[in-house]
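1. Dropping a prediction and its sequence here:
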Amino acid sequence: MVHQPCRPHRPRHLPRALIASSAALVALLALSALHPYDRATWWMEVAPVLIALPLMWATGRQYPLTPLLYALIFLHCCVLMLGGAYTYARVPLGFWLQDLMQLGRNPYDKIGHFVQGFVPALIAREILLRGQYVRGRKMLAFIVVCIVMAISAGYELIEWAAALAMGQGAEEFLGTQGDPWDTQSDMFMALVGSTCALLLLSRVHDRQLATTFPSGWPASG
């Protein structure tokens with residue numbers, strides 16, 4: 001008897017977590033677009049949200065993510081939209097933290113870069129695990145951190161290109177607030193975020209992968 005190869009399970013419907021988070025994100029995106037401080041900055045800051053939402057819907061049936069990942073992506077999008085509405089240097093939460101911690105500047109952009117490391121770390125981890133691209137947990141963590149740092153460096157290059165193209169108009173997008181080491185500290189916060197994600201959520205992530213895909217993790221494609 002010839003045995004047919006087992007095909008990975010494909011869900012027929014979009015994940016509920018994706019539908020719920022998308023509905024909330026669309027509402028929050030519309031709210032953030034009402035009266036942003038700077039319209040050009042808003043477009044640049046929410047661009048990842050406008051890319052991520054259609055991408056998740058296009059791949060939601062063939063390559064669903066864990067509920068943990070959908071929740072983290074939702075959080076990341078909220079951080080981006082809030083920064084786009086106010087600009088990072090003017091987010092009220094940042095001013096509250098500045099007063100509380102007696103800082104010399106609004107630190108909200110550092111929160112953004114921390115999340116920029118935290119969330120992509122779990123996205124990269126899920127893709128690498130499900131595709132079985134890396135062997136060994138130490139090597140997995142190393143590759144994940146390298147991917148996050150590449151993303152962070154790429155984002156800084158985009159900011160640099162925006163500054164060259166827009167001149168002084170890019171100041172709201174850059175949010176340097178006069179800090180000459182802003183680029184380096186942004187990348188450091190992404191490194192801290194990725195490390196924290198791996199230390200705090202790896203076990204939870206493993207359990208969700210096993211629970212969400214009990215018959216085996218779907219391969220991409």
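-> Great, that's in hand.
2. Hmm, residue 95 is touching residue 106, no?
-> Yes - Residue 95 is within contact range of residue 106, at 5.8 Å (criterion: Cβ atoms under 8 Å). Every C-beta, even on glycine, is put in place using the N, C-alpha and C of the backbone.
3. So which of these two has more stuff around it?
-> Taking other Cβ atoms under 10 Å, residue 95 and residue 106 do not tie; residue 106 has more neighbours (22 against 16).
4. Spit out the contact partners of that one.
-> 88, 89, 90, 91, 94, 95, 97, 98, 177 (Cβ atoms under 8 Å, 6 or more residues apart in numbering).
5. of these, buried ones?
-> 88, 89, 90, 91, 94, 95, 97 (16 or more other Cβ atoms under 10 Å).
6. Inside strands: which ones of those residues?
-> Among the buried ones among the contacts of residue 106, none falls in strands (DSSP state E).
7. quick one: which of these is nearest residue 202?
-> Within the buried ones among the contacts of residue 106, the smallest distance to residue 202 is 27.7 Å, found for residue 97 (Cβ to Cβ).
8. pLDDT score assigned to the closest one?
-> Listed pLDDT for residue 97 reads 91.
9. so who does it touch?
-> For residue 97, the contact set (Cβ under 8 Å, 6+ apart) comprises 103, 106, 107, 108.
10. Least confident secondary structure element in this structure?
-> helix 171-174 (a mean of 53; mean pLDDT, DSSP states H and E).
11. following it, which helix or strand comes up?
-> Proceeding N to C from helix 171-174, the next assigned helix or strand is helix 182-212, under DSSP states H and E.
12. How far does that next one sit from its chain's centre?
-> 10 Å (Cα atoms, centre = their mean, to the nearest Å).
13. tell me what that helix is packed against?
-> helix 67-86, helix 108-131, helix 137-166 (3 or more Cβ pairs under 8 Å, 6 or more residues apart in numbering; DSSP states H and E).
14. could I get the ones you listed as a markdown table with distance to residue 194 and mean neighbour count?
-> Shown next, in a markdown table, are these (distance: least, Cβ to Cβ, whole Å; neighbours: other Cβ atoms under 10 Å):
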| stretch | distance to residue 194 | mean neighbour count |
| --- | --- | --- |
| helix 67-86 | 12 | 21 |
| helix 108-131 | 4 | 22 |
| helix 137-166 | 4 | 15 |
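15. Can you check which of these gets nearest to residue 25?
-> Here helix 67-86 is closest among the helices and strands packed on helix 182-212 (Cβ to Cβ), at 5.4 Å.
16. Return the closest one as CSV; C-alpha atoms alone will do.
-> The C-alpha atoms that make up helix 67-86 are tabulated as CSV, following Å, rounded to 0.1, in the frame of the first residue of the first chain:
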residue,chain,number,x,y,z
PRO,A,67,-3.1,34.3,19.3
LEU,A,68,0.0,35.6,21.2
LEU,A,69,1.5,37.0,18.0
TYR,A,70,-1.8,38.6,16.9
ALA,A,71,-2.0,40.3,20.3
LEU,A,72,1.6,41.6,20.1
ILE,A,73,1.2,42.9,16.6
PHE,A,74,-2.0,44.7,17.8
LEU,A,75,0.0,46.3,20.6
HIS,A,76,2.8,47.3,18.2
CYS,A,77,0.3,48.9,15.8
CYS,A,78,-1.2,50.9,18.7
VAL,A,79,2.2,52.2,19.6
LEU,A,80,2.8,53.3,16.0
MET,A,81,-0.6,54.9,15.6
LEU,A,82,-0.2,56.9,18.8
GLY,A,83,3.2,58.1,17.7
GLY,A,84,1.7,59.0,14.4
ALA,A,85,-1.2,61.0,15.8
TYR,A,86,0.9,63.1,18.3
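17. With that, I have no additional questions.
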